[in-house]
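Undergrad: take this sequence and fold it.
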Amino acid sequence: MKGKPMIRRRDFLGLSALTAFGLVLAGCDSESSSKADTSKARNGAMDNYKLGDTFKATVPLTYSFLFSDQPTYPYKKDWLLFTKMASDNNVTLDATVVPFADYTQKRSLLISSGKAPEIIAKTYPGEESAFVSSGAVLPVSDYVDLMPNFQDKVKKWKLEPEIAGLTQQDGKYYVLPGLHEELWPDYSLAFRKDILQKENLAEPKTWDEFRDVLRSLKKAHPDVVPFSDRFNGNSVLNIAGTAFGTLSGWGLVDGLAFNDSRKQFEFASSTPAFKDLLTYFNSLVSEGLMDPESFTQTDDSAIQKFTSGKSFVISANSQNIITYRTSMEQSLGKGNFTVGKITVPGGPAGNIIGGSRLENGIMLNSSVKDKDSFVALMQYIDWLFYSDAGQEFAKWGVQGTTYTKEGGKRVLAKDINFQGLNPAGTKDLRVDYGFSGGNFAYGGTTDLLQSTFDDEELAFQKAMKSKSPRPVSPPVPYSDADREQATLTLTPLKDHVKQNTLKFITGQRSLSEFDAYVKELDSKGMGKYVDLANKAYKAYADKK
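TA: As a prediction, the model looks like this:
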């Protein structure tokens, strides 16, 4: 597709994931929206708390916390993370521990029943939308004046457009997201780079070059299908979709893309750019360059093919690379292969990448505004999640105990390991101490983010800086009724898109039927869905 690419709206609406619970909550009566009188809720709060201060409550405080429990580093009440909070911040977190696999559903049940803890962790922007109309979660935007570190990072990193994307119809937002200084691209394609070198092939810089490389590999190894993917193709379709000026795979989300020239949203999966994407991947499959099972096989099956030498390309993030190498040392022998990510290829829409600088964060139970220690809670959250010191604590732990600083560089203690940084360590930073866990450690400066990267990943991140981020799209703050209708309509639309993406790419359906497919989307409510989005966007734009 030529010309200016479509601008993707925020990557995290999250409508369909909470459909059932959103509809239940939409029928509830909203609680009072009156703002808390913070002058009367200062029990434990610091006087004149400001940017750079370490928060310590003036009296011991306890807050309830919904904790998403990872099986790889299960919750321990006596982690140093928690004991240090109690001693240094005078705050105890009373955790409701929920297994990671059940977390989204359990969180919704707790909120809808009015039994949610005060701090609700691991919430991705967009997931809060289902709970807004009931008054169950706090409009946190009313209280960011109590959070100097949060405000500083938003201003310093020019995150205002991303924060604006959180806006609901009432002009407020209800989630405090993790904030990244820069976009953090992680997923790409991993190649057997020793095979590329053997065949004298350069790493591809565009999707056209990627296909040419696969053709050369196929010619040199006719019995091999070079590319057999994992994640059911969702990762590669996501990153390629951006380069083609459309949305697909993990990037499909709500299906809406903003057409900047027309100043309105459209359904990305009905556009010529989407057809171009399908045509491209269909060519990979039809030429025997990509395994058609990429879209249906298990991850284990795809990994086995790659690590045993039956394929040469697979999707990966930085941690996947480590796992692949471990398996290949056993199957192929140490020193007999080289594996690494390539920079994400550019495409018809340009040398661009998608993503957001906002990460998962927290919601607050609306009941917290009635606590006499409400101000202290906001100060504590500001310090832990948004101050440089709090973020370093959540990620690295306690200086002198879990890590040291040598020439400004953070170094794990000799007996502690974290994701292979210190293989000789007999203890683990997450398992034994609770740091670098998904409930607390997210967002921060690029320096902090990359402080646990190895040299190879640092080089990848440096190379990815040549890419331009896809512009942030404007918000779509639906009314409660319109959100409900949009949610109901989106589910069958996405199902039809996913089914036909597979059929078009694998040749089960001819690309000559693309126009018929678009008409099928229309019959499933695509026009009404897009109209609802543009109605909400226009109402928002008119208020500005």
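Undergrad: can you pull the contacts of residue 394?
TA: Neighbour list for residue 394: 81, 384-385, 435-437, 440-441 [criterion: CB atoms under 8 Å, 6 or more residues apart in numbering]. Placement of C-beta: from N, CA and C, glycine included.
Undergrad: ok, now with 7 Å
TA: Each residue near residue 394 by CB atoms under 7 Å, 6 or more residues apart in numbering is listed here: 384, 435, 440-441.
Undergrad: any idea how far it is from residue 349?
TA: Residue 394 sits 37 Å away from residue 349, going by CB to CB, to the nearest Å.
Undergrad: on that earlier part again, relative to residue 202, which of the contacts of residue 394 is nearest.
TA: Among those, residue 441 lies closest to residue 202 (CB to CB), at 37.4 Å.
Undergrad: just checking, that closest one touches residue 397?
TA: No - contact between residue 441 and residue 397 fails when scored by CB atoms under 7 Å: they sit 10.0 Å apart.
Undergrad: quick one, which of those two is more surrounded?
TA: With neighbours defined as other CB atoms under 10 Å, residue 441 and residue 397 compare such that residue 397 has more, 26 against 23.
Undergrad: find the nearest non-adjacent residue to that one, please.
TA: residue 435 (4.2 Å; CB to CB, 6 or more residues apart in numbering).
Undergrad: got the CA coordinates for stretch 411-428 in PDB?
TA: Extracted in PDB, the C-alpha atoms of stretch 411-428 (Å, rounded to 0.1, in the frame of the first residue of the first chain):
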ATOM      1  CA  VAL A 411      25.200  -6.200  39.200                       C
ATOM      2  CA  LEU A 412      23.400  -9.100  40.900                       C
ATOM      3  CA  ALA A 413      24.800 -10.400  44.100                       C
ATOM      4  CA  LYS A 414      27.100 -13.400  43.500                       C
ATOM      5  CA  ASP A 415      24.600 -16.000  44.800                       C
ATOM      6  CA  ILE A 416      21.600 -14.600  43.000                       C
ATOM      7  CA  ASN A 417      20.500 -15.400  39.400                       C
ATOM      8  CA  PHE A 418      17.900 -13.800  37.200                       C
ATOM      9  CA  GLN A 419      17.100 -15.100  33.700                       C
ATOM     10  CA  GLY A 420      20.600 -16.300  33.100                       C
ATOM     11  CA  LEU A 421      22.400 -13.100  34.100                       C
ATOM     12  CA  ASN A 422      24.300 -14.900  36.800                       C
ATOM     13  CA  PRO A 423      24.100 -18.700  36.100                       C
ATOM     14  CA  ALA A 424      26.200 -19.600  39.100                       C
ATOM     15  CA  GLY A 425      23.700 -18.100  41.500                       C
ATOM     16  CA  THR A 426      21.900 -20.600  43.700                       C
ATOM     17  CA  LYS A 427      19.000 -18.300  44.500                       C
ATOM     18  CA  ASP A 428      16.600 -16.500  42.100                       C
END
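Undergrad: just the buried residues of that stretch, please?
TA: Neighbour-count burial for stretch 411-428, counted by 16 or more other CB atoms under 10 Å, picks out 412-413, 416-418, 421-422, 425, 428.
Undergrad: shared neighbours, residue 441 and residue 397?
TA: Counting by CB under 7 Å, 6+ apart, the residues touching both residue 441 and residue 397 are residue 435.
Undergrad: what segments of the stretch 201-350 of the chain are strands?
TA: 256-259, 264-267, 313-316, 339-341 (DSSP state E, counting those that start in this stretch).
Undergrad: out of those strands, which is the most enclosed?
TA: strand 313-316 (a mean of 27; mean count of other CB atoms under 10 Å).
Undergrad: rewinding a little: what's the most distant pair in the contacts of residue 394?
TA: Distance extremes for these: the farthest pair is 384 and 435 at 12.4 Å, using CB to CB.
Undergrad: who's more crowded, those two?
TA: Set residue 384 next to residue 435 and count neighbours by other CB under 10 Å: residue 435 wins out with 26 against 22.
Undergrad: what is the neighbour count of residue 469?
TA: Other residues close to residue 469 by other CB under 10 Å number 15.
Undergrad: touching, it and residue 351? I think so.
TA: No - Residue 469 is not in contact with residue 351 according to CB under 7 Å; the separation is 10.8 Å.
Undergrad: may I ask which helix or strand of the protein has the lowest mean pLDDT?
TA: strand 7-8 (a mean of 35; mean pLDDT, DSSP states H and E).
Undergrad: using CSV, list the CA coordinates for stretch 451-465.
TA: Provided in CSV are the C-alpha atoms of stretch 451-465 (Å, rounded to 0.1, in the frame of the first residue of the first chain):
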residue,chain,number,x,y,z
SER,A,451,19.6,-3.1,32.8
THR,A,452,18.8,-6.8,32.7
PHE,A,453,19.5,-7.2,28.9
ASP,A,454,22.5,-9.1,27.6
ASP,A,455,24.8,-7.5,25.0
GLU,A,456,23.0,-9.3,22.1
GLU,A,457,19.6,-7.9,23.2
LEU,A,458,21.1,-4.4,23.7
ALA,A,459,22.4,-4.6,20.1
PHE,A,460,18.9,-5.6,18.9
GLN,A,461,17.3,-2.7,20.7
LYS,A,462,19.9,-0.3,19.2
ALA,A,463,19.1,-1.5,15.7
MET,A,464,15.4,-1.2,16.3
LYS,A,465,15.8,2.5,17.0
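Undergrad: buried residues, it. List them.
TA: Those would be 451-452, 457, 460-461, 463-464, for stretch 451-465 by 16+ other CB under 10 Å.
Undergrad: now do the same contact list for the residue nearest to residue 251 when sequence neighbours are not counted.
TA: Nearest non-adjacent residue to residue 251, counting by CB to CB, 6+ apart: residue 238, 4.0 Å away. Residue 238 sits next to 248-251 when contact means CB under 7 Å, 6+ apart.
Undergrad: from those, which two are the most distant?
TA: Among those, 248 and 250 lie farthest apart (CB to CB), at 8.5 Å.
Undergrad: the two: who's more crowded?
TA: Ranked by neighbour count (other CB under 10 Å), residue 248 and residue 250 place residue 248 first, with 27 against 19.
Undergrad: isn't that one up against residue 236?
TA: No - taking contacts as CB under 7 Å, residue 248 lies outside contact range of residue 236: 9.2 Å.
Undergrad: could you dump the contacts of residue 238 to a markdown table with pLDDT and distance to residue 191?
TA: Formatted as a markdown table, the contacts of residue 238 follow (pLDDT from 0 to 100; distance: CB to CB, whole Å):
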| residue | pLDDT | distance to residue 191 |
| --- | --- | --- |
| 248 | 97 | 22 |
| 249 | 96 | 20 |
| 250 | 94 | 21 |
| 251 | 93 | 22 |
